[in-house]
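Enquirer: Requesting a structural model of the entry that follows:
(one chain, ligands or ions: 1)
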Amino acid sequence: MTKKFHCATNSNFPLKGNVKWTSPSNIALVKYWGKRPVQIPANPSLSFTLKNCFTETSIEFEKAEKFSLELYVDGKKNKSFLNKIETFIDRIKEYCPYIFHYHIKIKTTNTFPHSSGIASSASGLSALALCLVSIEKKALNLSDEEFYKKVSFISRLGSGSACRSIYGSIGVWGEHASFNGSSDEYAISFTDISPVFHSYQDTILLVDKGKKEISSTVGHDLMNNHPYSSLRYNQANNHMVQLKNILKSGDLFEFIKLVEKEALTLHSMMMTSDPYFILMKPNTLSIIQKIWEIRAERKLPICITLDAGANVHLLYPNNIKTEVLSVIEKDLIVYCENEQYICDEVGNGPKLIMEHYA
Ligand code: DP6
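Expert: Prediction:
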């Protein structure tokens, strides 16, 4: 099945070069939670690709007798992330064998602080995959379609959610009969959506900027012996169909119901795992409650979603941005750590900044 992503090295591979990409983070509306080896999702998921939270990564590579990697994060040589990248490289070795003929210097930086509690694996691993597979695109003359598909496939092996960041405005990952061309191995772009979603806003209210106590990887694993897992996977599959229709119609009332149900189900899976755990903090709940109050009072189409952490993503259409931002300043920043929040919105996916081969 994965054979199509294997690749042979040949003499067209460049001697050296440099490539730079930016790749965004994403926020899932239907959540991926539960997987089997290797990085195959237990259910399909769908996310908004973001615009402002992104990773910028460049690689400088040169043919060498022996493969080696160097990593710079925010301009400083870094060892701790290097281990993660080496694990990733090892996982993709059969699909990107050409990497091992180079010395590669990776330089990477995020637009959002590492300590913001925003996962950087989706943007970080997709940005690196874009850079690495660019070498192959050049040597083997891949079409754009082949290139992005392979990048999404490679990103998935690094971090599941990363494979959805390859496409704006919406990425769908996981095989589902209602989504033509969908696959467990890579994400596809989904474009049949009402214009209201092209500029949808995501203001991330930073409740807890600390490191998560339980990693996503552990959380995914706990779904394997979870008493409610098959019900949850069925629900996610049904939500994909419902959300497809909602995204097309632009029915924000239905959108809110489905998106919040997904977020709370994700966290209820965590709370009912064995061992159980809670990633929300008291202020996560205070924010949710306040948002529900404001929504009822002001009749605003605002809703929340959560990823595997305590921060709250506040989602709303662009036309109420001014009003929502003033509500945030007045009623919500008191619950944010150091009154911090990040304004983001739906974006168009990765951007090639520079490429040069010799
Ligand atoms: C709750 O993609 O971080 O954000 O594949 O182990 O790297 P790994 O997990 P990861 O899980 C994301 C979980 C989520 C939901 C989602 O983004 O769909």
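Enquirer: Could you list the contact residues of the stretch 51-200 of the chain toward the ligand?
Expert: 119, 121, 159, 160, 161 (Cβ under 6 Å from any ligand atom). To be clear about C-beta, it is placed using only N, CA and C from the backbone, and glycine gets the same treatment.
Enquirer: Can you report how many residues neighbour the first one?
Expert: I take that to be residue 119. Residue 119: 23 surrounding residues under other Cβ atoms under 10 Å.
Enquirer: Nearest residue to it in space, please, no chain neighbours.
Expert: residue 307 (6.4 Å; Cβ to Cβ, 6 or more residues apart in numbering).
Enquirer: part of a strand, is the one you found?
Expert: No. Counting by DSSP: H, G, I helix; E, B strand; the rest coil, residue 307 is not part of a strand but coil.
Enquirer: these two touch, right, it and residue 279?
Expert: No. With contacts counted by Cβ atoms under 8 Å, residue 307 stays clear of residue 279, the gap being 9.0 Å.
Enquirer: Please identify which of these two sits among more neighbours.
Expert: When residue 307 and residue 279 are compared for neighbours, residue 307 comes out ahead with 26 against 22, by other Cβ under 10 Å.
Enquirer: so residue 118 touches residue 25, yeah?
Expert: Yes. Using Cβ under 8 Å, residue 118 makes contact with residue 25 at a distance of 6.4 Å.
Enquirer: now the helices: where do they sit in the stretch 251-358 of the chain?
Expert: Here the stretch 251-358 of the chain has its helices, by DSSP state H, counting those that start in this stretch, at 252-271, 282-298, 321-327.
Enquirer: Could you provide these in JSON lines, with additional columns for mean pLDDT?
Expert: What follows is the helices of the stretch 251-358 of the chain, written out as JSON lines (pLDDT from 0 to 100):
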{"stretch": "helix 252-271", "mean pLDDT": "98"}
{"stretch": "helix 282-298", "mean pLDDT": "98"}
{"stretch": "helix 321-327", "mean pLDDT": "98"}
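Enquirer: Give me whichever of these is most buried.
Expert: With neighbours taken as mean count of other Cβ atoms under 10 Å, those reach their highest mean count in helix 252-271, at a mean of 18.
Enquirer: Can you work out which other helices and strands pack against that helix?
Expert: Secondary structure elements in contact with helix 252-271, counted by 3 or more Cβ pairs under 8 Å, 6 or more residues apart in numbering; DSSP states H and E, are strand 16-30, helix 229-249, strand 303-305.
Enquirer: List the contacts of the helix or strand of the chain with the lowest mean pLDDT.
Expert: For the chain, using mean pLDDT, DSSP states H and E, the weakest element among its helices and strands is helix 80-91, scoring a mean of 92. Contact with helix 80-91 is made by 38, 69, 71, 73, 99, 106, 125, 128, 157, 158, as judged by Cβ atoms under 8 Å, 6 or more residues apart in numbering.
Enquirer: Swap in 6 Å and give it another go.
Expert: Contact partners of helix 80-91, identified using Cβ atoms under 6 Å, 6 or more residues apart in numbering, comprise 71, 73, 157, 158.
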